[in-house]
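Engineer: Take a look and give me a structure for this.
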Amino acid sequence: MNELNFRPRDLEKAKKEHDCIDTLQKQLAVHIERGNYAMAQICMDDMDKSLKELCKMRHTKRQHERLVKVAKTMNQRGIKSKVVARYV
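Structural biologist: Have a look, this model is predicted:
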């Protein structure tokens, strides 16, 4: 897992979701091998949920990085973020 994809405060949750996907992949293989396709489908659904959470956290990190970049640019141009916050 690339920790740079997530905000520091999301790292623990991201690791749990990543570990969950790893575990589910192993369970999925076992269920498919045994022909238990209903359980395999449940594993896939759970993997999909975890993957969506990881994507959501990565998207949040990217949005945060963009916001920080805008704030720095504004600061360099002499625009105070407190002033902007009043008008938003």
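
Engineer: And the closest residue in space to Glu3 that isn't next to it in sequence, how far from Lys26?
Structural biologist: Excluding the flanking residues, the one nearest Glu3 by C-beta to C-beta, 6 or more residues apart in numbering is Leu11, at 6.0 Å. C-betas here are computed from N, CA, C, even on glycine. Taking C-beta to C-beta, to the nearest Å as the measure, Leu11 and Lys26 are separated by 23 Å.

Engineer: And the helix ranked longest in the chain, what does it pack against?
Structural biologist: Counting residues, the longest helix found in the chain (DSSP state H) is helix 37-76. If you count contacts as 3 or more C-beta pairs under 8 Å, 6 or more residues apart in numbering; DSSP states H and E, helix 37-76 packs onto helix 11-34, helix 81-87.

Engineer: between it and helix 11-34, how many degrees?
Structural biologist: Here the directions of helix 37-76 and helix 11-34 differ by 160 degrees (axes from the mean of the first three to the mean of the last three C-alpha atoms, to 10 degrees).

Engineer: Ramachandran coordinates for the residue in the chain sticking out farthest from the centre?
Structural biologist: Within the chain, Gly78 marks the point farthest from the mean C-alpha position, 33.5 Å out by C-alpha atoms, centre = their mean. Backbone geometry at Gly78, expressed as degrees, to the nearest 10, gives phi 90, psi 10.
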